[in-house]
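Visitor: with the sequence up front, the predicted model follows.
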Amino acid sequence: MDNLATFLSVLAQGLPETVGATVGGIALTIVLSFAAGLALLSPSRPVRVISRIYVEGLRGTSEVVQLFWIFFALPVLVGFEIVPIWGGILVLGLNHGAYGAEIVRGAIQSVPRAQYEGALALSLSPAQRMFRVILPQAVVEMIPPFNNLFIQLLKSTSILSFVFISEITRQATQILVPRFNPQVLQIFLLLLLFYLVLSLVITAVMRFLERKAAARLGRGPSERARRAAVTGAV
Amino acid sequence: MSQQIWDWNYAFAILPLLLEGLGLTLVATVLGSIVAMVLGLVLAVLQRGPRPLAVVVRGFVELVRSTPLLVQIFFLYFVLPQFGIVLSALTVGVIALGVHYACYTSEVYRAGIDAVPRGQWEAATALSLPRSRVWTGVVLPQAVPRVVPALGNYVISMFKEVPLLTAIGLLDVVGRAQEAGDTYFRYVEPYTIAGLLFLLLSYPASLLVRRLERRVGTI
Amino acid sequence: MIVFDGVEKRFGDNVVLSDLDFTVAPGEHVTLIGPSGSGKTTILRLLMSLEAVNAGTITVAGRYLSHMEKGGKLVPADEKHSREVRKHIGMVFQQFNLFPNMTVRGNLIEAPTRVLGLSKDEANARAEELLDLVGLREKIDEHPSRLSGGQQQRVAIARALAMRPDVLLLDEVTSALDPELVAGVLALLRDIGETTDITILCVTHEMGFARDFSHRVMMFDGGQVIEDAPPQRLFSAPEHPRTKEFLKAVLERG
């Protein structure tokens, strides 16, 4: 294991790309999830249809295909090249936003009917009802499934190695594997460890947020939410 | 070739190759699903077994779920030959997909098993049924039907992740699209068609799963 | 037939049974009464080895239940030993616990074929005979979900009897039933009590049934038997103040 230091430093050189793509992807995912999730519940039919097409379209096609399409087909259509890391973030966000939209929709729909009626009885406007009464309650329910989604997103950053982004998987397969072939086992175990640690970081942050959100509602994390975090359906 | 954005002649010319690739994608999905269904069940049952074994299995499941499938594919592809095991890209792919998804399906099975009331175990004990028969005769027949929709969802997810195997040279539908694109320097048609093919199969499949969900309920 | 010797059972820090001794003679019908949490059901569950004792021993027909003898010493029973002893004990549960994935027939022949090694024909004959007894012969190919609660419980009783047990444990078997279905199940149990020599241990809140069904009633409180007497005596002239209190509360409620 005398090459351990080399392995570590080469992999670490890929961390900015991996972490950047993850954070950027998560940011875009959150925006798209809420936009599309709220749109799925819109009273306007065209809005619902458009967001439904987005959600089904991106969930129905393969993420790798989306990546290749944005990197190789889109430039032909729009006439300019995309900065790789931005393209990567775009694919990660678009794809996971489609899954996140269903999380947002489901959590909003799980808020008890009585809360809508209570807000209605106070003559709050539809926007006030949603943003002041319903969403704060729904957000607590969303956090565990979003935790799973963000870990999926972190794992998906590995496919950016297909489009020449030097994130940690590419660092391992393109730089370390050819040079230290007899030690591939160590290289890959180390790479897996990197992902494991990053996913633990995501989980730690999400647990923290969940406690904060739950405390604001004056309750502990819900049993259902915790179960969802454990079973982790995508 | 003309500079138009979409060339129908080219699209039709590459379609047979793409469909051939799609066939391979489906083969990988079916074989991978079989591994995932069977191994997932084994992993779920083992986690109910004696403690040291259950803890090891639990750790394995968590590790696999927290790390990328692509890295696991590379892992098998590069590491197995070090131990003298040389497998085709399809075989490596099926093992990687199968094991990866087994760790997800095991959670589904576990939820299904947990949903079987404790009274069922107790009644089986009271009748002195052997442990193996309690599983095969009482618990699993109640647990498995309820998890079919969730398993179906994972089959669809797996189908969409088969293109990761292009990384180790499998000529699935995306591998074929890449090949066509690299040959003719036209990427819009192959990747668009590849995406549509995925949508064409996975969207109806997911509608079917949703109907099943409404029928049997979800865990 | 059944001997509890210094039995202790704890769940964490909560002592449910402490230093409990009692015996039940072959063929005897014993009813356990007492407030909830007094450990009655735990006794049945220990006998069925759904729980393990923390101290003391239980023997059934002269054989250790939760222990076995090995080289002259008592060691905790292994799975094989407890299965062997369990074969002679049947249990009927409050929630019936029929297997929903099997028909009534499947429920009845499952253990006789798998555990006792009966042929399909023998097991079927036994199942039909028992369904005649419980009055549900025509339901033999139905799934349990198609039966009423009372019918399900009668099938569950038949299922327990199909193993030809020496000991039958009845755990609040009418508590989950609609009131109008209780009488049918109790009549069946009386019938079984009269026509067989099975040793029966019964936990119930049906005091009328306890009075005319059992040979002995044991009053439990705080994990101890505080009164043990024939039903005529215990119900008409309880001695222990806790028994009086309990019976009064039960009679007022019911």
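Guide: Structure's in. What do you need? Numbers count the residues shown, from 1 in each chain, chains lettered A, B, ... in the order given.
Visitor: by contact count, what packs against the one helix or strand C:Gly184 maps to?
Guide: In the assignment (DSSP states H and E), C:Gly184 maps to helix C:179-195. Judged by 3 or more CB pairs under 8 Å, 6 or more residues apart in numbering or on different chains; DSSP states H and E, helix C:179-195 is in contact with helix C:120-134, helix C:149-161, helix C:207-213. Using the backbone N, CA and C atoms, a C-beta is placed for each residue, glycine as well.
Visitor: tilt between the next helix or strand along the chain from that helix and helix C:179-195?
Guide: The element immediately downstream of helix C:179-195 (helix or strand, assigned by DSSP H and E) is strand C:199-203. Taking axes from the mean of the first three to the mean of the last three CA atoms, to 10 degrees, one finds strand C:199-203 and helix C:179-195 inclined to each other by 160 degrees.
Visitor: strand C:199-203 and chain B, are they touching?
Guide: No - applying CB under 8 Å from any CB of the partner chain, one finds strand C:199-203 out of contact with chain B, separated by at least 13.2 Å.
Visitor: quick check: closest non-adjacent residue to A:Trp69.
Guide: Spatial nearest neighbour of A:Trp69, excluding adjacent residues (CB to CB, 6 or more residues apart in numbering or on different chains): B:Tyr191 at 4.4 Å.
Visitor: any buried residues in the helix or strand containing the one you found, and which?
Guide: Assigned by DSSP H and E, B:Tyr191 belongs to helix B:188-216. By neighbour count, with 16 or more other CB atoms under 10 Å in any protein chain shown as the criterion, the buried positions of helix B:188-216 are B:188-195, B:197-199, B:201-203, B:205-206, B:209, B:212.
Visitor: separation between the most centrally placed residue in chain A and chain C?
Guide: Centroid-nearest residue in chain A, with CA atoms, centre = their mean: A:Phe150, separated by 3.7 Å. In this structure, A:Phe150 and chain C are 38 Å apart, going by CB to the nearest CB, to the nearest Å.
Visitor: picking that back up, the helix holding C:Gly184 to helix C:120-134, inter-axis angle?
Guide: Using the same axes, to 10 degrees: helix C:179-195 against helix C:120-134 is 110 degrees.
Visitor: tell me the contacts of the residue nearest the centre of chain B?
Guide: Most central in chain B under CA atoms, centre = their mean is B:Met158, positioned 3.6 Å from the mean C-alpha point. Applying CB atoms under 8 Å, 6 or more residues apart in numbering or on different chains to B:Met158 gives the contacts B:29, B:32-33, B:36, B:97, B:101.
Visitor: what about it, which helix or strand?
Guide: B:Met158 is located in helix B:140-161, with elements delineated by DSSP H and E.
Visitor: I'd like the next helix or strand past that helix.
Guide: On the C-terminal side of helix B:140-161, the closest following helix or strand by DSSP H and E is helix B:173-184.
Visitor: who touches that next one?
Guide: So helix B:173-184 is contacted by A:62, A:64-65, A:68, A:72, B:1, B:10, B:14, B:17-18, B:20-22, B:24-25, B:163, B:165-166, B:169, B:171, B:186-187, B:189-191, B:193-194, B:197-198 (CB under 8 Å, 6+ apart).
Visitor: how many neighbours does the closest residue to B:Phe74 other than its chain neighbours have?
Guide: Counting by CB to CB, 6+ apart, B:Phe74 lies nearest to A:Thr173, which is 5.7 Å off, once chain neighbours are set aside. By the criterion of other CB atoms under 10 Å in any protein chain shown, A:Thr173 has 22 neighbours.
Visitor: got the contact list for A:Thr173?
Guide: Counting by CB under 8 Å, 6+ apart, A:Thr173 makes contact with A:161, B:74, B:78.
Visitor: now do A:Glu81
Guide: The contact partners of A:Glu81, taken as CB under 8 Å, 6+ apart, are A:Pro75.
Visitor: what does the model give residue 129 for pLDDT?
Guide: I went with chain A, as the question did not name one. Looking at A:Arg129, its pLDDT is 83.
Visitor: wrong chain, I was asking about chain B
Guide: Looking at B:Leu129, its pLDDT stands at 93.
Visitor: backbone dihedrals for it, please?
Guide: Note on B:Leu129: its backbone torsions stand at phi -60, psi 140 [degrees, to the nearest 10].
Visitor: just to check, it is in contact with C:Glu110?
Guide: Yes - using CB atoms under 8 Å, B:Leu129 is in contact with C:Glu110, at 7.0 Å.
Visitor: what touches both of those two?
Guide: Common neighbours of B:Leu129 and C:Glu110 (CB under 8 Å, 6+ apart) are B:Gly137.
Visitor: can you give me the strands for chain C?
Guide: C:2-11, C:14-24, C:29-33, C:55-60, C:63-64, C:67-70, C:73-76, C:89-92, C:167-171, C:199-203, C:216-221, C:224-229 (DSSP state E).
Visitor: can you tell me what sits against the last one?
Guide: By that I understand strand C:224-229. With CB under 8 Å, 6+ apart as the criterion, strand C:224-229 contacts C:18-20, C:22, C:216-220, C:234, C:238-240, C:242-243.
Visitor: repeat that with 7 Å
Guide: Strand C:224-229 has contacts (CB atoms under 7 Å, 6 or more residues apart in numbering or on different chains) with C:18, C:20, C:22, C:216-219, C:234, C:238-240, C:242-243.
Visitor: where does the residue nearest the centre of chain C land on pLDDT?
Guide: Against the mean C-alpha coordinate of chain C, by CA atoms, centre = their mean, the closest residue is C:Leu169 at 1.2 Å. C:Leu169 carries a pLDDT score of 96 in this model.
Visitor: doesn't C:Met48 make contact with it?
Guide: Yes - using CB atoms under 7 Å as the test, C:Leu169 is close enough to C:Met48 to be in contact (6.1 Å).
Visitor: list residues touching both of those two?
Guide: Common neighbours of C:Leu169 and C:Met48, counting by CB under 7 Å, 6+ apart, are C:89, C:91.
Visitor: now do the buried residues in the longest helix anywhere in chain B.
Guide: Criterion DSSP state H: the longest helix present in chain B is helix B:8-46. Going by neighbour count (16+ other CB under 10 Å), the buried part of helix B:8-46 is B:10-11, B:14, B:17-18, B:21-22, B:24-25, B:28-29, B:31-33, B:35-37, B:39-41, B:43-46.
Visitor: among the residues you listed, which are within reach of chain A?
Guide: Under the cut-off given by CB under 7 Å from any CB of the partner chain, chain A has nothing from these close to it.
Visitor: ok, residue 166 - contacts?
Guide: Using chain A. Contacts of A:Ser166 (CB under 7 Å, 6+ apart): A:14, A:17.
Visitor: meant chain C, my bad for not saying
Guide: C:Asp166 neighbours (CB under 7 Å, 6+ apart): C:61, C:88, C:198-199.
Visitor: go through stretch A:53-67 and flag the buried ones.
Guide: For stretch A:53-67, burial by neighbour count (16+ other CB under 10 Å) applies to A:54-56, A:58-67.
Visitor: close to chain B, is that stretch?
Guide: Yes - using CB under 7 Å from any CB, we find that stretch A:53-67 touches chain B at A:56-57, A:60-65.
Visitor: of all those, which two lie farthest apart?
Guide: Longest distance between any two of those is 18.1 Å, between A:Glu56 and A:Val64; criterion CB to CB.
Visitor: quick check on C:Gly37: phi, psi?
Guide: Residue torsions, per degrees, to the nearest 10, at C:Gly37 are phi 80, psi 10.
Visitor: now the helix holding C:Gly184: buried residues?
Guide: By 16+ other CB under 10 Å, the buried positions in helix C:179-195 come out as C:181-182, C:184-186, C:188-189, C:192-193.
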